[in-house]
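Asker: coordinates only, sequence not included:
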């Protein structure tokens, strides 16, 4: 009960501060209610931990605590919400002081040449063996996202998979939150044949993701694939392959609404990026 009370106090404080004077355009009363319902669901789902940063892996791109508002159309609103969500859930679940919490997203930021070169080397080492599997990912209908925490704990589209169960989320009505407070529990992959088929298709790719510490892979559009190696909040880094358009510029936004801070061409149709 004490943990739940802390949870409610923190979200109330963040919401009141965040909405003081002139509320952001996106945070309507209905969205506020959807978000609070989601927070209570997460409280019920996740066991209490007093260990600092115990839940930090769950904040990585498209993991359970990296909530996305898929109905938002405005890129600025998307970024505001991503950072707002990190602040709310980070304050309630990471057990660190405010200064440490504020610095955490910068862990994904690289500004030095030697760091950039290490990232480019990792990207190249991943793309070579993964080329066929990435093509298969792109060609598979009904597949838009694969996220992986470990080889046995991962996400396909809106379904979170563990050895114990599957949780299939439906986007919330107003904001399109995923995860959301609308979900179905399934006892195992054998009870979800469509998801099991996708899991089988993705197995070799997931092995490579595990080997090279790739956080998530998403379809950016009909041809382009966004391979996200690491990220917290709105700070991601990775590579976009099969880019249909010209290589973007610093300050442009990607399909998730995140602003490019660094861009480096890798080939005619691929580029390294960092968002911030």
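Answerer: That came through, no problem. Computed from a predicted model, the values in this text were never measured in an experiment.

Asker: lowest average confidence, helix or strand, in the chain?
Answerer: Lowest by mean pLDDT, DSSP states H and E among the helices and strands of the chain is helix 2-18, with a mean of 47.

Asker: helix or strand right after it?
Answerer: Counting by DSSP states H and E, the next helix or strand C-terminal to helix 2-18 is helix 29-45.

Asker: So for that next one, mean pLDDT?
Answerer: Computed over helix 29-45, the mean pLDDT rounds to 93.

Asker: For that helix, which helices and strands make contact with it?
Answerer: helix 2-18, helix 75-93, strand 177-178 (3 or more Cβ pairs under 8 Å, 6 or more residues apart in numbering; DSSP states H and E). Quick note: C-beta positions are derived from backbone N, CA and C, even for glycine.

Asker: now it against helix 75-93, angle please.
Answerer: Orientation of helix 29-45 against helix 75-93 (axes from the mean of the first three to the mean of the last three Cα atoms, to 10 degrees) gives an angle of 30 degrees.

Asker: I'd like the distance from helix 29-45 to the chain centre, please.
Answerer: 18 Å (Cα atoms, centre = their mean, to the nearest Å).

Asker: Just the buried positions in it, please.
Answerer: For helix 29-45, a neighbour-count test (16 or more other Cβ atoms under 10 Å) marks 31-32, 34-35, 38-39, 41-43 as buried.

Asker: Likewise for stretch 232-240?
Answerer: Buried, per 16+ other Cβ under 10 Å, within stretch 232-240: 232-240.

Asker: For the residues you listed, give me JSON lines that also has secondary structure.
Answerer: Converted to JSON lines, the buried residues of stretch 232-240 look like this (DSSP: H, G, I helix; E, B strand; the rest coil):
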{"residue": "232", "secondary structure": "strand"}
{"residue": "233", "secondary structure": "coil"}
{"residue": "234", "secondary structure": "coil"}
{"residue": "235", "secondary structure": "strand"}
{"residue": "236", "secondary structure": "strand"}
{"residue": "237", "secondary structure": "strand"}
{"residue": "238", "secondary structure": "strand"}
{"residue": "239", "secondary structure": "strand"}
{"residue": "240", "secondary structure": "strand"}
